[in-house]
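K.L.:
for reference, the sequence and a predicted model appear below.
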Amino acid sequence: MDLSLYLPRLLDGLGVSLQLTALSVVFGYALGLVFALGVSSIHRGLRWPALVVVEVGRGIPALVVLYIVYYGLPAVGVLLTNFWAAAAGLTFTVAAYSSEMIRAGIQSVPRGQGEAAAALGLSRLPTFARVILPQGLRSSIPALMGLAIQSFQGTSLAYSISVNELMSQAYQVSSLTFAYLTVYVVTGVIYAVIAVPATWVSVWVEHRLARGHA
Amino acid sequence: MPQLITEANELATAGVTISHLSKSFGSNLVLDDISMTVAPGSVTALIGPSGSGKSTLLRCVNLLEQPDRGTVTVGSTTIEAGAKVTDRALLALRRQVGMVFQSFNLFPHMTVLRNVAYPQEKILGRSRAEAEERALTLLERVGLRDKAQQHPGRCSGGQQQRIAIVRALALNPRAMLFDEPTSALDPEVGVEVLAVMRELADSGMTMIVVTHEMQFARDVSDHLVVMADGHIIEEGDPRAIMAAPSQERTRRFLSAVLER
Amino acid sequence: MEAVVAVLLGLPMTLLVTAAAFAIGLVGGIPLMLGLRSRHRVVRLAVRFVVDLIRGIPPIVWLFVLFFGVSIGALRFNALAAAIVGLGIISAAYLAEIYRGGFATLPAGQTEAARALGLGRRSTFVRVLAPQAARTALPSVTTFLLALLKDSSIASTIGVTDMVFAANTFVRQNPMTAGLTPFFVAAAVYVAISIPLAIVARRLDARMRRSA
């Protein structure tokens, strides 16, 4: 029951969870943008593969993706630490989900914007890059923020491939102390203390964005 | 009154010729073999009931709609329907013609200044300093210089439309298209925009205006074109037509509109 | 192949956990939604806090709390019960939020019209507002069900013998021969089940947007 004994361990685990979150969000969103561009492409050769990758990424449980990466990469000769295997798996899942949000954002840009740019004589690339994409990304921000919070919670799944993040630490500590309920409740509180205020912040940002765009 | 187009324009304004234009949306024939000539420096008003095809006709001039048959000529550039239009030809045409939309379509994520300057930089290759200076000059002319650093969302509808006109003008177009520019505005606010358009007309810009503003059509335009059901049913001097329309359809339309 | 059979043997459990948790969530979400829409500020804030808390804690933690942590006297949750109850509580929280969203997008005019006609609060709610809110919320509910199907895989971590558990077990028992096949099989089944559901969801969404 001595919090001061095991809390540091849990917080160490939290640090790892946050690292995983940062990695999966940064690389996941970048990859998600690539997927979104692929899915929106007019070239069938780009669109179909992108669609398949995204639908598979969204259709498979994140846990399964983690197992596939964990068991599968060594088989093809790629030796990653558990941490990096988890980062890779989570990045893929985040990329698939974020690509849908980015694509929806891009599609929600009013047609008139593209027409105005075309009427001015802007060619396709600057029209997309400087007019459509910035507005599209802005629309996706609320959804992407929600996804970031979910991916933080998703790092708890890395427990299953023996990454020393928060959940793993909780399991080890509870096995040592037998104070199962306390440890897991404290763990839950740690997650909540970060996730819940983060949700409030994202709702606030969402309202601010909506207001600035009347 | 200061002129909106200055001698800084390198090119003279151009005329627009539409020849045997036809366009269908699915099985719906929206434009039926339309031919029309707009002399350089003149103002043509396109009026008619909704569904008459006037907006579609306007959008064919800068190829936002691709006609099925016929040709469009702006200045010395001609585009033939059906023939493969290269991106370069398309851009060349669009860079000669400015368009103002009913819903303004300013870029909300850029400031007013950037809205007017960015197209100049990208399309005319002007330096940022040059483009912004020209932008500020034009904004000054329509009394909106103080809005330069704000985003369009903070401007009223009438202000946004005037900025949209300036954004198009900054590219030194040889002709300007207006697609119901005041339809989304309250009448009092629409007056500001119509005043700018009037000034532009006085400066000698070639203009084609699709509008419901009959007073503007009568007082400012040199040539009135009345459309219904995809055809031009009547065209000529605006005052003459409005006083004594020769077609029954025109008469019906005008009496309904003027009654409001 | 052996792997396919082994994994498919876990499918009933996957479906059971999903369906049972979904059922709990569908029903449990209603009182929570009513709390979120309560006229009394204290109730609203309290329920809001509870819902946010439930959603702020990862599902796996909830399952561990219930499975390892809860013991009243000699009573403990077995793995299946812990999974169903845990995922059920989480579903209730998410569905409450979805229900609330369905009501939030209703035009205010509906309530006003009902009142003007003289309908009482309960009739207004049950006969006018709720049916419309339900229709609006339906696509989101379907999307949630898809997510729940995938989250049911978390039950494998506390020993529920679902598809992922079966795949994991098979791989551990046949380390040389299994390869990744069991996981690919499980993945394929998840995708196969979610495709018709996703199509239904997209159709519902399109139909909704058209009639809006």
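P.N.:
Looks like it arrived, so ask away. Because the structure is predicted, anything quoted here is derived from the model rather than measured.
K.L.:
tell me where the chain has helices.
P.N.:
Answering for chain A, as no chain was given. A:3-40, A:44-59, A:62-75, A:82-107, A:111-120, A:124-126, A:133-154, A:166-177, A:180-211 (DSSP state H).
K.L.:
sorry, I should have been clearer: chain B.
P.N.:
Going by DSSP H, chain B shows helices at B:54-61, B:87-94, B:112-119, B:128-141, B:157-169, B:187-202, B:214-220, B:238-243, B:248-259.
K.L.:
still on that earlier bit, out of the helices of chain A, flag the one nearest B:S22.
P.N.:
helix A:111-120 (21.8 Å; CB to CB). All C-beta spots, glycine's among them, are computed from the backbone N, C-alpha and C.
K.L.:
now do that closest one against helix A:133-154, angle only.
P.N.:
Put simply, helix A:111-120 runs at 140 degrees to helix A:133-154, going by axes from the mean of the first three to the mean of the last three CA atoms, to 10 degrees.
K.L.:
buried sites along helix A:111-120?
P.N.:
Residues of helix A:111-120 classed as buried by neighbour count (16 or more other CB atoms under 10 Å in any protein chain shown): A:Q113, A:G114, A:E115, A:A116, A:A117, A:A118, A:A119, A:L120.
K.L.:
how near is A:V16 to chain B?
P.N.:
37 Å (CB to the nearest CB, to the nearest Å).
K.L.:
now distance to C:V7 and mean pLDDT too, for the helices of chain B, in CSV please.
P.N.:
Converted to CSV, those look like this (distance: least, CB to CB, whole Å; pLDDT from 0 to 100):
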stretch, distance to C:V7, mean pLDDT
helix B:54-61, 57, 94
helix B:87-94, 52, 86
helix B:112-119, 56, 94
helix B:128-141, 61, 94
helix B:157-169, 59, 94
helix B:187-202, 67, 91
helix B:214-220, 73, 90
helix B:238-243, 78, 90
helix B:248-259, 71, 83
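K.L.:
chain B contacts on chain A?
P.N.:
A:110, A:112-113, A:115-124, A:126, A:130-131, A:134-135, A:138, A:212-214 (CB under 8 Å from any CB of the partner chain).
K.L.:
at 10 Å what do you get?
P.N.:
Residues of chain A found near chain B (CB under 10 Å from any CB of the partner chain) are A:109-124, A:126-127, A:130-135, A:137-138, A:211-214.
K.L.:
and the helices of chain B as a markdown table, adding mean neighbour count?
P.N.:
Shown next, in a markdown table, are these (neighbours: other CB atoms under 10 Å in any protein chain shown):
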| stretch | mean neighbour count |
| --- | --- |
| helix B:54-61 | 23 |
| helix B:87-94 | 16 |
| helix B:112-119 | 24 |
| helix B:128-141 | 18 |
| helix B:157-169 | 24 |
| helix B:187-202 | 18 |
| helix B:214-220 | 18 |
| helix B:238-243 | 17 |
| helix B:248-259 | 14 |
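K.L.:
of all those, which one comes closest to A:L73?
P.N.:
When the helices of chain B are compared (using CB to CB), the closest one is helix B:87-94, at 44.1 Å.
K.L.:
tilt between the closest one and helix A:111-120?
P.N.:
90 degrees.
K.L.:
so which helix or strand takes in the closest residue to C:F103 other than its chain neighbours?
P.N.:
Leaving aside its chain neighbours, C:F103 sits nearest to C:A133 (4.6 Å; criterion: CB to CB, 6 or more residues apart in numbering or on different chains). C:A133 is located in helix C:130-151, with elements delineated by DSSP states H and E.
K.L.:
and that helix, what other elements does it pack with?
P.N.:
Under the contact criterion of 3 or more CB pairs under 10 Å, 6 or more residues apart in numbering or on different chains; DSSP states H and E, helix C:130-151 touches helix A:44-59, helix A:62-75, helix C:11-36, helix C:59-64, helix C:79-104, helix C:181-211.
K.L.:
isn't B:M197 right up against B:V166?
P.N.:
No: using CB atoms under 10 Å, B:M197 is not in contact with B:V166, being 12.0 Å away.
K.L.:
dump the residue contacts of the residue in chain A positioned nearest to chain C.
P.N.:
Among the residues of chain A, A:L181 lies closest to chain C, at 3.4 Å counting by CB to the nearest CB. When contacts are counted by CB atoms under 10 Å, 6 or more residues apart in numbering or on different chains, A:L181 touches A:S174, C:F64, C:V65, C:L66, C:F68, C:G69, C:V70, C:S71.
K.L.:
same list (the residues you listed) but as CSV, adding neighbour count, pLDDT and distance to A:T91.
P.N.:
CSV is the format used below for the contacts of A:L181 (neighbours: other CB atoms under 10 Å in any protein chain shown; pLDDT from 0 to 100; distance: CB to CB, whole Å):
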residue, neighbour count, pLDDT, distance to A:T91
A:S174, 21, 90, 29
C:F64, 29, 94, 25
C:V65, 22, 93, 28
C:L66, 23, 93, 30
C:F68, 21, 89, 30
C:G69, 20, 85, 32
C:V70, 16, 84, 35
C:S71, 11, 78, 38
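K.L.:
A:A85: neighbour count?
P.N.:
25 (other CB atoms under 10 Å in any protein chain shown).
K.L.:
what does the one 3 residues further on give?
P.N.:
As a burial measure, the neighbour count of A:A88 was computed by other CB under 10 Å and equals 19.
K.L.:
now do the same contact list for it.
P.N.:
A:L23, A:S24, A:F27, A:V65, A:L66, A:V69, A:Y70, A:L73, A:V78, A:L80.
K.L.:
the first one: what's its closest spatial neighbour, skipping adjacent residues?
P.N.:
The shortest distance from A:L23 to any non-neighbouring residue, by CB to CB, 6+ apart, is to A:A87 (4.6 Å).
K.L.:
okay, that neighbour and C:L149: tell me how far apart.
P.N.:
25 Å (CB to CB, to the nearest Å).
K.L.:
what do you get for C:E97?
P.N.:
Distance from C:E97 to C:L149, by CB to CB: 19 Å.
K.L.:
go on, B:R59?
P.N.:
47 Å.
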